[in-house]
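Participant: Sharing a model prediction with you, sequence too.
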Amino acid sequence: MADLPIFIVDAFTREPFAGNPAAVCLLLHDQTMKDGLLQKIASEMNLSETAYVQCLSENGSFEKDDTFSLRWFTPTREVPLCGHATLASAATLFFCAGNTNCTLTFQSLSGPLLARRTGDSGITLDFPLNPAQPHDKDAVKTILQEICGLEHVSDVQYSRTTRKLLVRLKDELTRDFLEGLAPDPRALQASDISGDVMGVIVTLKGHPDEHGYDFFSRYFAPWNGIPEDPVTGSAHTVLADYWSKQLGKTSFKARQCSQRGGDLEVNIAGNRVELTGNARVVLKGTLSNVDLDC
């Protein structure tokens, strides 16, 4: 049996109870758990993501080490990449464990991911860029109808590496229209059972009077047990490439327009993308008497 430290961190926000909450569980090198137990804990936390940060060496330290293992679980499955839970993991190490390094490296299913301090509360993530390609609207018309209606769509693209569908709304539509979308999660999940689509990004070009935002988005992933993800770093690895081609620039100010909402600074560097945001730790606790052999 073991007591494990666990935290809830609101990512991509300066304010508590905004942005995207993630649970972060810290594990020493010898505290290895079976995948089934990792999934049960994630289901118990019932947040869009629970992250597991583990020391890589026998005498590893959350305070001094600069490289850790990182895995992410939704309430229903493990996923290969999660931005907000990576930012939450870095914030937990920097702000709670007192990690003294300027940059951390996370070994993950998506390769090494870097997180560095930016100012007092900011963190910059270095992620792979995930390009999308034009996709036939007719092939996903049921999804489009459930999301917003075919008549409101100007472009559809698909990111094969992330299995995310990108849906661009027509430029004449407003941010209010985007924020008013309310797809039924069960109907959306039933609209595609191929396994090719695991999430839908809905995006809208920014307008000059919208506080300098280059683009807006929302993200729906009922296939992963997430009706709507409040602020999604991995979606912005797709959005960055798309809007770079559309706007002819490589740096953006972005807003994800969920009810909680969150802001990101996005910068493309070669085949990588830097996502900068803030984080607030809102809960510190303990998972008590965990049977690591369960």
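Facilitator: Right, received. Where do you want to start?

Participant: Tell me if Phe95 really is in a strand.
Facilitator: No: Phe95 sits outside any strand when classified using DSSP: H, G, I helix; E, B strand; the rest coil, being helix.

Participant: Just to check, it is in contact with Val281?
Facilitator: Yes: if you go by C-beta atoms under 8 Å, Phe95 and Val281 touch, sitting 5.8 Å apart. Using the backbone N, CA and C atoms, a C-beta is placed for each residue, glycine as well.

Participant: Summarise which helices and strands the lengthiest helix in the chain is packed against.
Facilitator: Identified as the longest helix of the chain according to DSSP state H is helix 233-247. On a contact count with 3 or more C-beta pairs under 8 Å, 6 or more residues apart in numbering; DSSP states H and E, helix 233-247 meets helix 83-91, strand 122-128, strand 164-169, strand 199-205, strand 215-221, strand 251-256, strand 262-269, strand 272-290.

Participant: so how far is the fifth one from its chain's centroid?
Facilitator: Here strand 215-221 shows a centroid-to-chain-centroid distance of 11 Å under the convention C-alpha atoms, centre = their mean, to the nearest Å.

Participant: what's the average pLDDT for the helix or strand that it is followed by?
Facilitator: Following strand 215-221 in sequence order, the next helix or strand is strand 226-229 (DSSP states H and E). The average pLDDT within strand 226-229 is 94.

Participant: Buried ones in strand 226-229, by neighbour count?
Facilitator: Buried residues in strand 226-229, counted by 16 or more other C-beta atoms under 10 Å: Ile226, Glu228, Asp229.

Participant: so which of those residues would you say is closest to Thr250?
Facilitator: Relative to Thr250, the closest of the buried residues of strand 226-229 is Asp229; by C-beta to C-beta it sits at 24.7 Å.

Participant: just checking, the closest one touches Arg260?
Facilitator: No: using C-beta under 8 Å, Asp229 is not in contact with Arg260; the gap is 9.9 Å.

Participant: what residues do the two have in common as contacts?
Facilitator: Asn20 (C-beta atoms under 8 Å, 6 or more residues apart in numbering).

Participant: returning to what we had before: got the buried residues of strand 226-229 as TSV, with distance to Lys40 columns?
Facilitator: Shown next, in TSV, are the buried residues of strand 226-229 (distance: C-beta to C-beta, whole Å):
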residue	distance to Lys40
Ile226	18
Glu228	24
Asp229	21
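
Participant: ok, back up a step: out of the helices and strands packed on helix 233-247, deepest packed?
Facilitator: helix 83-91 (a mean of 31; mean count of other C-beta atoms under 10 Å).

Participant: Okay, buried residues for the longest helix of the chain please.
Facilitator: For helix 233-247, by 16+ other C-beta under 10 Å, it's Gly233, Ser234, Ala235, His236, Thr237, Val238, Leu239, Ala240, Asp241, Tyr242, Trp243, Ser244.

Participant: Tell me if I'm right that the fifth one and Ala132 touch.
Facilitator: So the one you mean is Thr237. No: using C-beta under 8 Å, Thr237 is not in contact with Ala132, being 10.0 Å away.

Participant: What confidence value was assigned to Met1?
Facilitator: 83.

Participant: as a whole number, average confidence for stretch 39-47?
Facilitator: Across stretch 39-47, pLDDT averages out at 96.

Participant: next one: stretch 110-125
Facilitator: Here the average pLDDT along stretch 110-125 is 92.

Participant: ok, now stretch 7-16?
Facilitator: 95.

Participant: contacts for that stretch?
Facilitator: Residues contacting stretch 7-16 (C-beta under 8 Å, 6+ apart): 17-24, 45, 47, 83-85, 87-88, 91-92, 96, 121, 231, 233, 256, 260-264, 277-285.

Participant: With stretch 104-116 instead?
Facilitator: So stretch 104-116 is contacted by 53, 56, 66-72, 78, 80-81, 86-87, 89-90, 93-94, 102-103, 123-128 (C-beta under 8 Å, 6+ apart).

Participant: Could you export the longest helix of the chain as PDB, CA atoms only?
Facilitator: The C-alpha trace of helix 233-247 is given here as PDB (Å, rounded to 0.1, in the frame of the first residue of the first chain):
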ATOM      1  CA  GLY A 233      -3.000  21.900 -26.200                       C
ATOM      2  CA  SER A 234      -2.900  19.000 -28.600                       C
ATOM      3  CA  ALA A 235      -5.600  20.600 -30.700                       C
ATOM      4  CA  HIS A 236      -3.400  23.700 -31.100                       C
ATOM      5  CA  THR A 237      -0.600  21.500 -32.600                       C
ATOM      6  CA  VAL A 238      -3.100  21.100 -35.500                       C
ATOM      7  CA  LEU A 239      -4.600  24.600 -35.400                       C
ATOM      8  CA  ALA A 240      -1.100  26.200 -35.500                       C
ATOM      9  CA  ASP A 241      -0.200  24.500 -38.800                       C
ATOM     10  CA  TYR A 242      -3.600  25.200 -40.300                       C
ATOM     11  CA  TRP A 243      -3.800  28.900 -39.400                       C
ATOM     12  CA  SER A 244      -0.100  29.500 -40.400                       C
ATOM     13  CA  LYS A 245      -1.000  28.400 -43.900                       C
ATOM     14  CA  GLN A 246      -4.200  30.500 -43.900                       C
ATOM     15  CA  LEU A 247      -2.800  33.700 -42.400                       C
END
